[in-house]
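S.K.: Okay, here's the prediction I keep looking at, along with the sequence it came from:
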Amino acid sequence: MKNTALWAGVLLLCWTARLTAQQSQTTIRTVPIQGASPASGVEMFNKYCAVCHGKDAKGNGPAVPALRVPPPDLTTLAQRHGGKFPADYVDAVLRNGVEDTKSHGSKDMPIWGPLFSSLGGGQSAPPPLRISKLSQYIESLQTK
């Protein structure tokens, strides 16, 4: 009986240590960009952005635990920019990345301009169409 209790305690200790180690080693897998309809901002957001920003765009995606800085709530962009959606800013961030990392967080976010160009050899859907549709979708998510 003592041996059984001892082994149960050892197994519980090992399982707890393994679980703790797994939780502290959360990483983001880098995978090649996959196609999504360039005409669908919703589809592109769900495929390219939701993993960090969350399906509801509030910054609560499944990759958040692995990020150094949580992604911003995209539903409050207009609110944080004087009540007007900052379309030029969003377009610039999607094309070129983030210049001011204090306002955005970290440089963990991919720069989508070159990635969008790589889809279909850059011929099937030019980055401006993809970026425009994605920006329009994010604009539609703004809280009133």
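M.R.: All right, it came through fine.
S.K.: what about Ala92, how many neighbours?
M.R.: 15 (other CB atoms under 10 Å). Bear in mind the C-beta positions are built from the backbone N, C-alpha and C, glycine included.
S.K.: Ala39 - nearest residue in space that isn't next to it in sequence?
M.R.: The shortest distance from Ala39 to any non-neighbouring residue, by CB to CB, 6 or more residues apart in numbering, is to Lys133 (6.3 Å).
S.K.: thought that neighbour was touching Val42?
M.R.: No - applying CB atoms under 8 Å as the test, Lys133 and Val42 come out as separate, 9.0 Å apart.
S.K.: The two: which has the busier surroundings?
M.R.: Between Lys133 and Val42, counted using other CB under 10 Å, the more crowded position is Lys133 (21 against 14).
S.K.: all helices for the chain, in order.
M.R.: For the chain, the helices defined by DSSP state H occupy 2-24, 41-44, 50-53, 77-80, 87-96, 101-104, 112-118, 127-140.
S.K.: and the last one, what does it pack onto?
M.R.: Pointing back at helix 127-140 there. Packing partners of helix 127-140 (3 or more CB pairs under 8 Å, 6 or more residues apart in numbering; DSSP states H and E): helix 41-44, helix 87-96, helix 112-118.
S.K.: Include distance to Ala50 and mean pLDDT when you put the ones you listed into CSV, please.
M.R.: What follows is these, written out as CSV (distance: least, CB to CB, whole Å; pLDDT from 0 to 100):
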stretch, distance to Ala50, mean pLDDT
helix 41-44, 10, 95
helix 87-96, 15, 90
helix 112-118, 14, 77
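S.K.: Relative to Gly59, which of these is closest?
M.R.: helix 87-96 (14.6 Å; CB to CB).
S.K.: What residues of that closest one count as buried?
M.R.: Neighbour-count burial for helix 87-96 flags 87, 90-91, 93-94 (criterion: 16 or more other CB atoms under 10 Å).
S.K.: what angle separates it from helix 127-140?
M.R.: Relative orientation of helix 87-96 and helix 127-140, computed by axes from the mean of the first three to the mean of the last three CA atoms, to 10 degrees: 130 degrees.
S.K.: List the contacts of helix 87-96.
M.R.: 77, 81, 104, 109, 111-113, 127, 131-132, 134-135, 138-139 (CB atoms under 8 Å, 6 or more residues apart in numbering).
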